[in-house]
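# build the 3D model from these lines:
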Amino acid sequence: AELFQEVQKCLDGLDAPIRVAIAGYVKAGKSTFLNALLREKLTITDGLEATLIPTWFKYGKEPRIKVHFKDGSSRPSTFKERSRWTAASDEETDLSQVKYVSIEYPAEILRRMEFIDTPGLFSPTDTDASSRTVDFLGLERANAQQIALADAILYAFSNNFSEEDLNTVASFTSTPINAVGIFTKPDIPYWDALAPEISPIDKIREAVLPKLKNKLSAQVYDILPVTAKWLEGVLLLDQQDWSLLRRLAASEEVRLRSRDRFINRDAADSTREQRQALADKIELYGIYRMIVLLRAEMQKPESERLDETGLVDYVVQESGIQAVEQVIVEHFGNRAFLVKSMAAIERMKKAMNRARYGAGHDKEQIRQICNQVQSELNKISQNSFYLLHDWLRQFYEGKLSFGSKENNQQFLYIIGEYGNDYPTRLGLPVTAGIYDLNKAVQERIQIWSALVEDFSISFRAREAARSVLDVLYEMAVNIQDLCAY
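From the prediction side, this is the model:
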């Protein structure tokens, strides 16, 4: 019965939205990033270690919370009580028996993907919180810490990342197929109030990301900087905050030298408490960017100025969160079934191993069934569709090359790295007609047929080219069928 439930759970997962875990060291900005991504302050963030319990965000028409305990039981809770079950609070709540908390919320991105906000790894203050992340995601240290529960992962780096941090993600994540890095808090310390016009995101891209990408090229697809605190704070601004920002933008006397100076300055336009509240929400960097934005808007005719909704949309783009969304949707979404099915196959293999070795001497039939099922799973893994998953992993690890940049790029296009529709996979505009599709696929069949016989590239590359050729033949047949209509 336990084996059946495990297999059924794997099969059910294929129809569910792709699950993306957000992981990283303590105070890496995971929860703040998730709030910015969901456009709501749903997770608790403060100056302390806020997330102590894995929190699973799913789509729902109405906000709902359910607390899941280690003994398999669960209970609903009110939305206002979410901090009681997920974060450190003054309430006397025993979190030791809580496995995870699920939150349903009507955020549009949750229709396609579910997000798991995890406690920081290797917490110096709460070792139980770190172990909850390891246990909940199914990370097995003895097995290279492969992700079991999550289909994909976003790993958050902050400005104080170390070699240990890099080594952890190198063993923690799987491949660039299912992992993306997020560099949070680029404004700390890469934004200088004395030279505020220089973008901290640009500094990160030039000075930091090359090192990170070089170190983790075999683990993550990309590493993207995002000023999540700025966007999260802007979403929380009330009318008093907006009025203060407009007064600051209209004044020529505002000097943003430091947070303390801004809060404690002697000014008639606001109280200390108002300035403190604004700084707590968007920090000094956010205040500077909003002043610059509002001053630019003041130069426009009043009818053309952005309203508050338009200003928030601008921050979404400038904060880097829009670029992250695009990568998440395109990179994970394009291969959601591949990522999920490969993960399901690996989970079922482990389930078969546990059942086979756990069976007693009188359970020979169970062992035979497990052996047969595992054999079939291995055959599925050798299917050209799944082989491409392995070829793509080897490509990102630098173990696979097809002799030229053009061929390497074509490989990524054909297997769906940039989109699953035929025009994109053949390097054509999405408006391409049947004639152009047929011509392009035949040209690529010639190229990859030649690569199969090209002994100037490695045996591994020739085998991969054979898998690509199988995919192209299948595409050609489907395109020919379209021609018949």
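
# please compute how far whichever strand or helix holds Leu212 lies from its chain's middle.
In this assignment (DSSP states H and E), Leu212 forms part of helix 209-215. Centroid separation for helix 209-215 versus its chain: 18 Å, with C-alpha atoms, centre = their mean, to the nearest Å.

# cool, stretch 399-414 as well?
25 Å.

# can you give me the buried ones in it?
The neighbour-count check on stretch 399-414 (16 or more other C-beta atoms under 10 Å) flags Leu400, Ser401, Phe402, Asn407, Gln410, Phe411, Tyr413, Ile414 as buried. All C-beta atoms are positioned from the backbone trio N, CA, C, and that covers glycine.

# avg pLDDT for it?
For stretch 399-414, mean pLDDT is 92.

# what of stretch 251-259?
Across stretch 251-259, pLDDT averages out at 78.

# which residues touch it?
If you take C-beta atoms under 8 Å, 6 or more residues apart in numbering as the criterion, stretch 251-259 is touched by 193-194, 196, 248, 261-262, 269, 279, 283-284, 287-288, 291.

# for that stretch, how far is the first residue from the last?
Stretch 251-259 has an end-to-end distance of 18 Å (C-alpha to C-alpha, to the nearest Å).

# how about the contacts made by the residue nearest to Thr78 when sequence neighbours are not counted?
Spatial nearest neighbour of Thr78, excluding adjacent residues (C-beta to C-beta, 6 or more residues apart in numbering): Ile65 at 6.9 Å. Listed by C-beta under 8 Å, 6+ apart, the contact set of Ile65 reads Pro76, Ser77, Thr78, Phe79, Glu81, Arg82, Trp85, Val101, Ser102, Ile103, Glu104.

# give me the buried entries from those residues.
Buried members of these, counted by 16+ other C-beta under 10 Å: Ser77, Arg82, Trp85, Val101, Ser102, Ile103, Glu104.

# SS state for the fourth one?
Right, Val101. Per DSSP: H, G, I helix; E, B strand; the rest coil, the local secondary structure of Val101 is strand.

# please report phi then psi for Lys58.
With angles defined as degrees, to the nearest 10, Lys58 sits at phi -130, psi 160.

# number of residues surrounding it?
When neighbours are counted by other C-beta atoms under 10 Å, Lys58 registers 20.

# circling back: buried subset of the contacts of stretch 251-259 as a PyMOL selection?
Buried members of those, defined by 16+ other C-beta under 10 Å, are picked up in PyMOL with:
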select buried, resi 196+248+262+269+279+283+284+287+288+291
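
# from the contacts of stretch 251-259, which is closest to Met475?
Checking the contacts of stretch 251-259 against Met475 by C-beta to C-beta gives Glu283 as the nearest, at 50.1 Å.

# quick one: the helix or strand encompassing the closest one to chain centroid distance?
Glu283 belongs to helix 272-298 when assigned by DSSP H and E. Relative to the centre of its chain, helix 272-298 is centred 28 Å away, using C-alpha atoms, centre = their mean.

# by contact count, what packs against the next helix or strand after that helix?
With elements assigned by DSSP H and E, the helix or strand that comes after helix 272-298 is helix 308-318. For helix 308-318, the elements it packs on are helix 228-235, helix 272-298, judged by 3 or more C-beta pairs under 8 Å, 6 or more residues apart in numbering; DSSP states H and E.

# buried ones in the first one?
By that I understand helix 228-235. Ala228, Lys229, Trp230, Leu231, Glu232, Gly233, Val234, Leu235.

# show me the contact partners of that helix.
29, 32-33, 35-37, 39-41, 45, 184-185, 187, 280-283, 285-286, 289-290, 311-312, 315-316, 319, 321.

# from the contact counts, what lies against the helix or strand just after that helix?
Following helix 228-235 in sequence order, the next helix or strand is helix 239-250 (DSSP H and E). Packed against helix 239-250 by the contact rule (3+ C-beta pairs under 8 Å, 6+ apart) you find helix 272-298.

# okay, the angle between the helix it packs on and helix 239-250?
60 degrees (axes from the mean of the first three to the mean of the last three C-alpha atoms, to 10 degrees).

# helices or strands up against helix 272-298?
helix 228-235, helix 239-250, helix 259-264, helix 308-318.

# any idea which of those scores lowest on pLDDT?
Looking at the helices and strands packed on helix 272-298, the lowest mean pLDDT belongs to helix 259-264 (a mean of 88).

# the helices and strands packed on helix 272-298: which one's closest to Asp202?
helix 308-318 (11.9 Å).

# what inclination does the closest one have with respect to helix 228-235?
Counting by the same axes, to 10 degrees, helix 308-318 lies at 170 degrees to helix 228-235.

# what comes up buried for helix 308-318?
Buried, per 16+ other C-beta under 10 Å, within helix 308-318: Leu311, Tyr314, Val315, Val316, Glu318.
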